[in-house]
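Novice: here is my input; please provide its structure:
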Amino acid sequence: MQPHESMPAVLDRQIANEQDDAFGHRHYAQALRSLVESEHHQPPFSIGLLGGWGTGKSSIKELYTKGLEDDASATEGSSARKDRFRSITFNAWRFGGKDQDIKRALLRHVFLELGGDEKTLHDKLFRNVTHTEQQWKGWKEYCLQLWRAWAMPLPAFVIAMGMLLLFIWAGLKIAPADAPIVQSTLALILTAAYGYLLKQLKPSKIDSFRSITKVSLPSASAEQYEEMLLEQLKEFKQPSKSFLSRAIPCERLVIFVDDLDRLSAEEMVLGLDAVRAFMEIPSDKLPKGLGLVFVISCDEAKVADALWRGRSHNPEQPGTVFSHNDARRYLDRIFQFRMEIPPPPRGDMRQFALKHLLAFKEIVNDVHARGVDAEQLIERMIHVNVVDPRNALQIVNAFSQSWWLAKRREKEGVNGLPGGLHDEAVTGHLETLAALSAAKVSFPDFYRDLQEDPELLDR
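Specialist: Numbers count the residues shown, from 1 in each chain. A predicted model of the protein is given here:
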């Protein structure tokens, strides 16, 4: 055993292909596809993908979106499936917090996923934008300004021209008018005088349009959100940047809202309200041939409990929620379809944990060398309260970590190094280690008490 060998561990992550499916999540992904893409269900509508934490909601979504991304099949007279249906995932937990607005976050995410410009969106949502417009003054105001402009220069022009003619008349009386030099001189004087008068006595500049400066405040109302979303949906469906652009064959936009139940009660209400506002957009305002479908992944019981318990201190709370059942009925208006994900059977959970434990060859070899069956260890680890794959993997990882550390400390203890353990101090009691690993993950308070008082079980 080399010191640099890595510790065996399983990465808890949603599955992306059916080969890794151990609990039949592919069947729920197929059911989700049927609801989302059925021609009998006209959008907009929403689907509640409901289940406790770790029951596989993310895996179901991943199986659906991955299958959609890879499906280029097409029926006669229609485009490929991956072009007809477009999926967008919005992680609500990522945008939770006091400084976040879940409505704006949802709009921003969808806006950008549809190809929107981030600077334009930022201007609309967060900045006071100042712009100047030209507005026609109207004939009445224009004529009045024209009269005012000529009111002063016109009399001065008439007086100046009169004096000029007087000087010319006087000059003709004194000098002979038939002399060429006199005529040329008079013509030059007249031209110069006219030029000077027209230059100096012209009216002030008159603009037929007035400039109006407008300040656009950040968008906050539901109507403004709806308008921005509609503009971007139209741009997404029918690009207008080039005359060569063609309409996108997308028929339904599927928006996944994940981890809504991890937010505060107030943020849950705002998130649900944002979904409801988008779903209530009239179909005649949407681009022709495009529908919206929302898939909301959450633990319905936790959402309903938060809606009910948060009513007393949450001004955004629905006014009709007075009990836990009222909260459930409120959610009925959000979820047109429900897909409830039940906990996996205990037998499947044990097979799932055993599969991952057997992948650790170093542990398996040590277990077999001591005459212990891996199935016996799994029986101790996967107890009746382990109801989701995430919890099972946590226990398997806790066991493998404890075994790996104990193995190395026992080896160093034999060599007399500080911090070591005597031979088989831990690895000689693998079934006990399996039970303690389960207690450490599933019953942390009891495990802590046991650490503080090792004789607790004896008493």
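
Novice: give the contact list for residue 42.
Specialist: residue 291 (C-beta atoms under 8 Å, 6 or more residues apart in numbering). Heads up, the C-betas are built off the backbone N, CA and C, glycines and all.

Novice: hang on, residue 16 in a helix?
Specialist: No - using DSSP: H, G, I helix; E, B strand; the rest coil, the secondary structure at residue 16 is coil, not a helix.

Novice: that one: neighbouring residues, count only.
Specialist: 15 (other C-beta atoms under 10 Å).

Novice: that one is in contact with residue 62, isn't it?
Specialist: Yes - here residue 16 reaches residue 62: they are 5.0 Å apart, a contact under C-beta atoms under 8 Å.

Novice: my read is that residue 31 contacts residue 340, right?
Specialist: No - between residue 31 and residue 340 there is no contact under C-beta under 8 Å: 11.0 Å.

Novice: can you give me the strands in this structure?
Specialist: Secondary structure of the chain, counting by DSSP state E: strands at 45-50, 85-91, 129-136, 209-216, 252-258, 291-298, 337-340.

Novice: tell me which of these sits most buried.
Specialist: Mean neighbour count (mean count of other C-beta atoms under 10 Å) peaks for strand 291-298 among those, with a mean of 24.

Novice: contacts for that one?
Specialist: Contacts for strand 291-298 (C-beta under 8 Å, 6+ apart): 32, 36, 42-50, 57-58, 61, 251-261, 272, 275, 278-279, 281, 283, 286, 334-335.

Novice: quick revisit: so what sits against both of residue 31 and residue 340?
Specialist: Counting by C-beta under 8 Å, 6+ apart, nothing touches both residue 31 and residue 340.

Novice: sorry, back to before: rebuild the strands of the chain as a markdown table, extending it with mean pLDDT and distance to residue 456.
Specialist: Shown next, in a markdown table, are the strands of the chain (pLDDT from 0 to 100; distance: least, C-beta to C-beta, whole Å):
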| stretch | mean pLDDT | distance to residue 456 |
| --- | --- | --- |
| strand 45-50 | 92 | 39 |
| strand 85-91 | 92 | 42 |
| strand 129-136 | 68 | 67 |
| strand 209-216 | 67 | 67 |
| strand 252-258 | 92 | 41 |
| strand 291-298 | 92 | 38 |
| strand 337-340 | 92 | 40 |
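
Novice: tabulate those strands (CSV), appending distance to residue 432.
Specialist: Listed next are these as CSV, based on distance: least, C-beta to C-beta, whole Å:
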stretch, distance to residue 432
strand 45-50, 38
strand 85-91, 40
strand 129-136, 68
strand 209-216, 69
strand 252-258, 39
strand 291-298, 38
strand 337-340, 38
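
Novice: of those strands, which is nearest residue 418?
Specialist: Checking the strands of the chain against residue 418 by C-beta to C-beta gives strand 85-91 as the closest, at 46.2 Å.

Novice: could you give the angle of that closest one to strand 252-258?
Specialist: For strand 85-91 against strand 252-258, the angle by axes from the mean of the first three to the mean of the last three C-alpha atoms, to 10 degrees is 20 degrees.
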